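Participant: Pasted the sequence and its predicted model underneath.
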Amino acid sequence: MFSILWNVLLRHKCPRCHCGDLFIRPFSLKTAFQMHERCPCCGLDFNPEPGFYFGAMFISYIITGWLFVLAAFALIYLGHVDVNLALGIVVVGAIPLYLFFFRLGRAAWLAINFKYSPEAHERCCKK
């Protein structure tokens with residue numbers, strides 16, 4: 001379980017082998033949304049069918065929705081901030097975090113649909 005959280009969701013690695021990168025350039029804003037077609041290590045197809053990442057949109061929407069609603073309530077009730085200012089802070093904070101949650105949603109969707117394979121890990125990552 002820890003391996004999935006660390007390698008797939010946080011480091012954006014392949015859910016099957018936990019070695020290959022999901023995204024072409026992990027920290028480049030220019031190519032932030034570009035993914036490899038297949039895992040560079042084990043060859044897992046990251047886009048198995050049209051519309052595959054439709055579920056990832058819901059995952060990122062649910063996570064960001066709850067996170068930002070809780071942040072707004074915390075600012076309003078714990079920080080005694082005006083409602084309009086709290087919503088403005090949350091919206092401004094959401095803009096730079098969009099990239100992170102987009103990638104998190106896609107990585108989580110892949111982790112839900114593809115299982116870890118110790119054989120693929122041994123074959124790819126122990127070279």
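Facilitator: In hand now; what should we look at?

Participant: Please count neighbours and contacts with C-alpha atoms only from this point.
Facilitator: Noted.

Participant: So which elements touch the longest helix belonging to the chain?
Facilitator: Longest helix of the chain, by residue count under DSSP state H: helix 83-113. Applying 3 or more CA pairs under 8 Å, 6 or more residues apart in numbering; DSSP states H and E, we find helix 83-113 packed against helix 54-73.

Participant: report the angle between the axes of the helix it packs on and helix 83-113?
Facilitator: Between helix 54-73 and helix 83-113, the angle comes out at 150 degrees (axes from the mean of the first three to the mean of the last three CA atoms, to 10 degrees).

Participant: Next, the buried residues of helix 54-73.
Facilitator: When burial is assessed from 16 or more other CA atoms under 10 Å, helix 54-73 yields the following buried residues: 56, 59-60, 64, 68, 71-73.

Participant: which outside residues touch it?
Facilitator: For helix 54-73, the surrounding residues in contact (CA atoms under 8 Å, 6 or more residues apart in numbering) are 86-87, 90, 94, 101-102, 104-106, 108-109.

Participant: go with 6 Å
Facilitator: Here helix 54-73 makes contact (CA atoms under 6 Å, 6 or more residues apart in numbering) with 86, 101, 105-106, 109.
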